[in-house]
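> build me a model:
(chains A and B)
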Number of protein chains: 2
Amino acid sequence: MALIKRVTFKLNEVFYQKPFHITNSVRSSSKVIAIALELDNGIIGRGEASPSFRVNGEIETVLMGFETPISEMLRNREVQRYRPLFDTLDKFSRSAPSLKAGVQYAILDAFSTLISTPVYEILGGAKEYVETDFTISIDSLENTVQDAKKASEKGFKILKLKVGEDLPSDIARVLAVQEALPSMHFVVDANMGYTPKQAVTFAEAMVSNGVKMDLFEQPVWSDDFDGLRFVRQHSGIPICADESAKTRFDALRLIREECVDYINIKLMKSGISDALAIVELARSAHVGLMIGCMSESGVGIAQSVHFACGTGAFTHHDLDSPFLLKETTPYKYRTEGCRLLPIG
Amino acid sequence: MALIKRVTFKLNEVFYQKPFHITNSVRSSSKVIAIALELDNGIIGRGEASPSFRVNGEIETVLMGFETPISEMLRNREVQRYRPLFDTLDKFSRSAPSLKAGVQYAILDAFSTLISTPVYEILGGAKEYVETDFTISIDSLENTVQDAKKASEKGFKILKLKVGEDLPSDIARVLAVQEALPSMHFVVDANMGYTPKQAVTFAEAMVSNGVKMDLFEQPVWSDDFDGLRFVRQHSGIPICADESAKTRFDALRLIREECVDYINIKLMKSGISDALAIVELARSAHVGLMIGCMSESGVGIAQSVHFACGTGAFTHHDLDSPFLLKETTPYKYRTEGCRLLPIG
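Prediction:
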């Protein structure tokens, strides 16, 4: 029997290599919360929350206030009983989803150490590694083409391009990258920036120009499920929900209302518990899956690497924050080019 | 690295203490297939298939023909990579679901031994034990009351009563038991024996007589999803799908079409992979869950005990075959009255 002794939070700042510009948001740094979950036998499980105000309404300094209550809720409970612990943390699905994710993962990490079995094996050991795309945020046409070429030279085979602030320049920018890199594949993410009709116009431009666009991510406002379905029904490119798909309940509604071809799971939106549920929901509905990230540093990305490799559920991996941030120390994973490999 | 060396099947017969009579079926014995999955390091994982012709269309002697192909498909593959192994076995979801279940479990059992962690902890360690109901199959009114009293004396708190062959005598039988045991709770299972309107009539009789009927299981034909929804909409008792809910795809359809309040998961219908998916689907749709069994012996029931305790997903447990069969040797679980407790 291994009991949880305490959970502690530490607020850290991570810095982008260049300002990260997406629809209505530009940032040069981000705050993350390092989570340590200590067992009575001295084992420490580690996790990380990468809070998001834009998606989750979270404020880091406020989240720090959850340290004592969460520590109290988990204290003296057996770490092997991870599902009931997850159930307790599900209460934070709305108020602090990134903390829910980081603490749930810290539980798995401690359990993993306790049984000397890496988390990705506990979750099913499906893949030895995953390969991430590389994100190019909103910038001038020239800079975008230049960044795209650099990423291509580094070996990235899929680029994630950010659009959603201005339709004509968005189209011009993607077409310019397509011309510069004719064999490149793209995930295009509008971060809720378009109206449904703008989104259809964008998709039509991509199709008619032969852009190898694998996925069109969150074209419209997160709560506009009807709009999402409209875009899906009127465009030839698979539509992927991101901001619309936070909890398992969102995912079920997206499926029931036939709004999506793909769902982008991010642990920071869903935690481990709902992410596992969305994997099963999507596989039951033949909906595709990608996995994404916020601004996780080394510990945070480890969570998604183990989750993605363990479940093997994803065709697209957008786990590029280690490549976008200035300094991150990988924790229980290593990189090999654009591959991310879990370590026990 | 631990590789699978071979999988072997052994056909056994188990005998009921008294003939088991449900809608259109009476049996005094049943065949089960003991599964041994051997790793190259000598570890042996055990599982069991309890085939069902009535539900799955399975014939035991035919299932034995899968021994060599399944052994070949799994040979030299790493047991830790259990999800891809599960994916391979998903191909048998229709042709041999009970084998899919037993072999998937044997994989988990071998993995469990390899990492010295019981299966129920790998699955989440939610509960230390579950408490089973006791099933009383179709018989005369007098025998039913007598059997119900015996079960009550033994400490069973929920009785599962089989109905579905004759509406008036079914109602009379349940009311007689209710009169004899006023505080007893019931799950009533029609095994597809009623028309939707008969089912509503039955439910009305239960409600108007104050029968403590927790669940009304599979009132109508398995493929009559509309009928199931009709019964659900026109009766005050929670409706539970059993024969209608085999795969994860059935479960999603039942949810989408609002046919059920509960789903009865049986590993022999769904295997471990789809059972895990149905757990997540049901929890996402606020649909309740019970877990049931076929004619599993000691190894077979162990599978469901570990699954139920690991996930903690069920409010109702119908894992009574050890109490209905003549001789079963518990494997990695023990009984304590009507409780079933997993052992590592």
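> just checking, what packs against the helix or strand hosting residue A:101?
If you go by DSSP states H and E, residue A:101 is part of helix A:97-114. When contacts are defined as 3 or more C-beta pairs under 8 Å, 6 or more residues apart in numbering or on different chains; DSSP states H and E, helix A:97-114 packs onto strand A:4-22, strand A:25-39, strand A:44-49, helix A:67-74, helix A:82-89, helix A:119-122, helix A:267-285, helix A:298-311. All C-beta atoms are positioned from the backbone trio N, CA, C, and that covers glycine.
> which of these sits most buried?
Highest mean neighbour count of the helices and strands packed on helix A:97-114: helix A:298-311, a mean of 28 (counted as mean count of other C-beta atoms under 10 Å in any protein chain shown).
> and it, how far out from the chain's middle?
On the basis of C-alpha atoms, centre = their mean, to the nearest Å, the separation between the geometric centre of helix A:298-311 and that of its chain is 10 Å.
> restricting to C-alpha, output it in CSV.
As requested, the backbone C-alpha atoms of helix A:298-311 are provided in CSV (Å, rounded to 0.1, in the frame of the first residue of the first chain):
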residue,chain,number,x,y,z
GLY,A,298,9.5,19.0,-20.5
VAL,A,299,7.4,17.4,-17.8
GLY,A,300,4.1,18.5,-19.5
ILE,A,301,5.0,17.1,-22.9
ALA,A,302,6.1,13.8,-21.3
GLN,A,303,2.5,13.4,-20.3
SER,A,304,1.2,13.6,-23.8
VAL,A,305,4.0,11.5,-25.2
HIS,A,306,3.2,8.7,-22.8
PHE,A,307,-0.5,9.1,-23.4
ALA,A,308,-0.1,9.1,-27.2
CYS,A,309,2.3,6.2,-27.3
GLY,A,310,0.3,4.2,-24.7
THR,A,311,-3.0,4.5,-26.5
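> coming back round to it: and of the helices and strands packed on helix A:97-114, who's closest to chain B?
For the helices and strands packed on helix A:97-114, distance to chain B was read as C-beta to the nearest C-beta. The smallest value, 3.1 Å, belongs to helix A:82-89.
> give me the contacts around the closest one.
Taking contacts as C-beta atoms under 8 Å, 6 or more residues apart in numbering or on different chains, the residues outside helix A:82-89 that touch it are A:4, A:70, A:73-74, A:77, A:79, A:100, A:103-104, A:107-108, A:111, A:271-273, B:123-126, B:310-312.
> how about the helices and strands packed on helix A:97-114, which one is nearest residue A:261?
When the helices and strands packed on helix A:97-114 are ranked by proximity to residue A:261, the top entry is helix A:267-285, at 10.3 Å, counting by C-beta to C-beta.
> mind exporting the C-alpha coordinates of the helix or strand just after that closest one to PDB?
Counting by DSSP H and E, the element after helix A:267-285 in chain order, helix or strand, is strand A:288-291. The C-alpha atoms that make up strand A:288-291 are tabulated as PDB, following Å, rounded to 0.1, in the frame of the first residue of the first chain:
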ATOM      1  CA  GLY A 288     -10.300  10.500 -36.100                       C
ATOM      2  CA  LEU A 289      -8.000  11.800 -33.400                       C
ATOM      3  CA  MET A 290      -5.100  14.200 -33.100                       C
ATOM      4  CA  ILE A 291      -3.300  15.200 -29.900                       C
END
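> just checking, what packs against strand A:288-291?
Taking 3+ C-beta pairs under 8 Å, 6+ apart as the contact cut, strand A:288-291 packs with strand A:262-265, helix A:267-285, helix A:298-311, strand A:316-317.
> let's see it at 7 Å
In this structure, strand A:288-291 packs against strand A:262-265, strand A:316-317, with contacts taken as 3 or more C-beta pairs under 7 Å, 6 or more residues apart in numbering or on different chains; DSSP states H and E.
> can you say which of these is packed in most?
When neighbours are counted by mean count of other C-beta under 10 Å, the highest per-stretch mean among the helices and strands packed on strand A:288-291 falls to strand A:262-265, a mean of 27.
> what count of nearby residues applies to residue A:314?
Burial measure for residue A:314: 25 neighbouring residues, criterion other C-beta atoms under 10 Å in any protein chain shown.
> contacting residues for the residue in the stretch 101-250 of chain A positioned nearest to chain B?
Among the residues of the stretch 101-250 of chain A, residue A:124 lies closest to chain B, at 3.1 Å counting by C-beta to the nearest C-beta. Residues near residue A:124 by C-beta atoms under 7 Å, 6 or more residues apart in numbering or on different chains: A:310, A:311, A:312, B:82, B:83.
> nearest to residue B:181 among those?
Distance to residue B:181 across those (C-beta to C-beta) is lowest for residue B:82, with 43.7 Å.
> how close does the closest one get to residue B:122?
Per C-beta to C-beta, to the nearest Å, residue B:82 is found 9 Å from residue B:122.
> quick one: common contacting residues for these two?
With contacts taken as C-beta under 7 Å, 6+ apart, residue B:82 and residue B:122 have residue B:108 as neighbours in common.
> quick check: closest non-adjacent residue to residue A:285.
The shortest distance from residue A:285 to any non-neighbouring residue, by C-beta to C-beta, 6 or more residues apart in numbering or on different chains, is to residue A:255 (4.5 Å).
> confidence score at the one you found?
The pLDDT attached to residue A:255 in the predicted structure is 98.
> number of residues surrounding it?
Residue neighbour count, defined by other C-beta under 10 Å, stands at 24 for residue A:255.
> likewise the one 5 residues further on?
Counted with other C-beta under 10 Å, residues neighbouring residue A:260 total 26.
> kindly report the same for residue A:236.
A total of 11 residues lie near residue A:236 under the criterion other C-beta under 10 Å.
> ok so it is a strand residue?
No: membership of residue A:236 in a strand is not supported by DSSP: H, G, I helix; E, B strand; the rest coil, which gives coil.
> before we move on, the earlier item: can you check which of the helices and strands packed on strand A:288-291 gets nearest to chain B?
strand A:262-265 (12.7 Å).
> now tell me what touches that closest one from outside.
The contact list for strand A:262-265, computed with C-beta under 7 Å, 6+ apart, reads A:215, A:217, A:238-242, A:245, A:251, A:254, A:275, A:278, A:282, A:287-292.
> could you do stretch A:148-157 as well?
Contacts with stretch A:148-157, where a contact means C-beta under 7 Å, 6+ apart, come from A:133, A:134, A:136, A:159, A:177, A:180, A:181, A:184, A:185, A:337, A:338.
> how about the residues you listed in a markdown table, adding secondary structure, pLDDT and neighbour count?
A markdown table is the format used below for the contacts of stretch A:148-157 (DSSP: H, G, I helix; E, B strand; the rest coil; pLDDT from 0 to 100; neighbours: other C-beta atoms under 10 Å in any protein chain shown):
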| residue | secondary structure | pLDDT | neighbour count |
| --- | --- | --- | --- |
| A:133 | coil | 98 | 25 |
| A:134 | strand | 97 | 21 |
| A:136 | strand | 96 | 24 |
| A:159 | strand | 98 | 22 |
| A:177 | helix | 98 | 24 |
| A:180 | helix | 98 | 14 |
| A:181 | coil | 98 | 17 |
| A:184 | coil | 98 | 19 |
| A:185 | strand | 98 | 16 |
| A:337 | coil | 94 | 10 |
| A:338 | coil | 96 | 21 |
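> what would those look like in TSV with distance to chain B?
As requested, the contacts of stretch A:148-157 are arranged in TSV below (distance: C-beta to the nearest C-beta, whole Å):
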residue	distance to chain B
A:133	23
A:134	27
A:136	32
A:159	29
A:177	35
A:180	38
A:181	33
A:184	29
A:185	25
A:337	23
A:338	22
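> and which of these is nearest residue A:319?
Using C-beta to C-beta as the measure, the one of the contacts of stretch A:148-157 that approaches residue A:319 most closely is residue A:133, at 8.5 Å.
> burial of the closest residue to the closest one other than its chain neighbours, as a residue count?
On the basis of C-beta to C-beta, 6+ apart, the spatially nearest residue to residue A:133 that is not a chain neighbour turns out to be residue A:158, at 3.9 Å. By the measure other C-beta under 10 Å, the count of residues near residue A:158 is 20.
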